[in-house]
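J.: 3D, please:
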Amino acid sequence: MAETEAVYFVDAGDAFFRSPYVVQSKRENLLATAQAILSSYNIMNCQVMNIGVNDLAAGPEFIKELETQAAFPFISANIMDVKTGEPLFESTAIIETNDHKLGFVGVTTGDKRLKEFTFGDPLESAKQAIAGLKGKVDLIFLMANVDDRTELELAQEIGEIDFLIRSKTGALHRNPKEHNGVVVVRSGKQGKYAAALKIRHVDNVAVMKNVSAQQKRIKFADNRLKAMSTDLKEGQTLEERYANDAKRLQLITRLKGEKQTNQDLIKELNNSYFFDPISLNDKILDSPDVAEIVAEFMPKKKEPKKKTSSKKIQKNDQ
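T.: Numbering: from 1, shown residues only. Take a look at the predicted model:
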């Protein structure tokens, strides 16, 4: 953010369960999994979580119990207790950085199968919550656990939103779409990607610009320069290494120039953003602390016995 770099981990909803109901025969294991996720989020320093419809699967007592254990706020502007009609969570949260205040609002479309909860209109609830943030924050993030139609309504009818972070969707948009000036971020589901939204915000006047193309060229240049640096001697520059290779020297000059040009352009824009979906594959190492929680909480899977044919045994013996 601006000249001070900071990273904040937030969740837009549906982290604890895969569906809005819990099968009784699997209840113990599913609740243990939810506890493991919460414990992991605490270690990962989650800053705020919007409660999605799936998060309510185990009932109001369980989700409120999780809230007491969380080191971060649960928010929702439109989830209420069906018995009292009172909101179950705070509607907003504010994160204060060194030079900015970030406002977060959460909504969900709800589900009729969840009889212990009632859900206010997402659009009206979001409008009311966002109105309470006006003048208090520099950027507003709406975390929306909604369908496609509601996403469009929210983006088109609430002009104060800067970014709409969407859950309840399987779609991954590597290049975020914009509706009425609202940037919509979708990162798929099931934790396949970490949605890294990188923002540079210098003033409250300039329009946000998508600099994905510029960032990709910077990354491309870095990767090419890094590849050519693999056999450099200590203290040696690329120019020195390829002093007798005119074509390589031209390529190095072009790559460095292109990188600097794109970096200068981004800096001149003042307000810009870049979305980088990071694939959480085997190349991403597990945090030892989180891996320990998984080993403790997650249900152990029974491996089916494999039948081994006599031909395979003979092959292995050979």
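J.: how many other residues sit next to the residue nearest to Ile284 when sequence neighbours are not counted?
T.: Closest residue in space to Ile284, ignoring its immediate chain neighbours: Ile278 at 7.5 Å, by C-beta to C-beta, 6 or more residues apart in numbering. No exception for glycine: its C-beta is placed from N, CA and C like everyone else's. Ile278 has 12 neighbouring residues, counting by other C-beta atoms under 10 Å.
J.: Pull up the pairing partners for the helix or strand that contains Ile278, direction included.
T.: Per DSSP states H and E, Ile278 falls inside strand 272-279. Here strand 272-279 is paired, per DSSP bridges, with strand 193-200 (antiparallel), strand 209-210 (parallel).
J.: Tabulate these in CSV, adding columns for mean neighbour count, distance to Asp11 and mean pLDDT.
T.: Shown next, in CSV, are the strands paired with strand 272-279 (neighbours: other C-beta atoms under 10 Å; distance: least, C-beta to C-beta, whole Å; pLDDT from 0 to 100):
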stretch, mean neighbour count, distance to Asp11, mean pLDDT
strand 193-200, 17, 10, 88
strand 209-210, 16, 23, 92
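J.: Distance to Gly120 added to those strands, as CSV?
T.: Shown next, in CSV, are the strands paired with strand 272-279 (distance: least, C-beta to C-beta, whole Å):
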stretch, distance to Gly120
strand 193-200, 27
strand 209-210, 32
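J.: how many other residues sit next to Ala58?
T.: Here the number of neighbours of Ala58 (other C-beta under 10 Å) works out to 18.
J.: Now it. Nearest residue, chain neighbours left out?
T.: Take Ala58 and drop its neighbours on the chain: the residue closest to it by C-beta to C-beta, 6+ apart is Val22, 5.3 Å away.
J.: pretty sure that neighbour contacts Glu28?
T.: No: between Val22 and Glu28 there is no contact under C-beta atoms under 8 Å: 9.9 Å.
J.: Compare these two (neighbour count), which wins?
T.: Higher neighbour count among Val22 and Glu28: Val22, with 19 against 11, using other C-beta under 10 Å.
J.: Tell me what Phe274 is bridged to.
T.: In beta-bridge terms (that is, DSSP bridges), Phe274 pairs with Lys198.
J.: What is the host helix or strand of Glu296 packed up against?
T.: Mapping Glu296 onto the secondary structure by DSSP H and E places it in helix 288-297. On a contact count with 3 or more C-beta pairs under 8 Å, 6 or more residues apart in numbering; DSSP states H and E, helix 288-297 meets helix 27-43.
J.: Sweet, I'm off.
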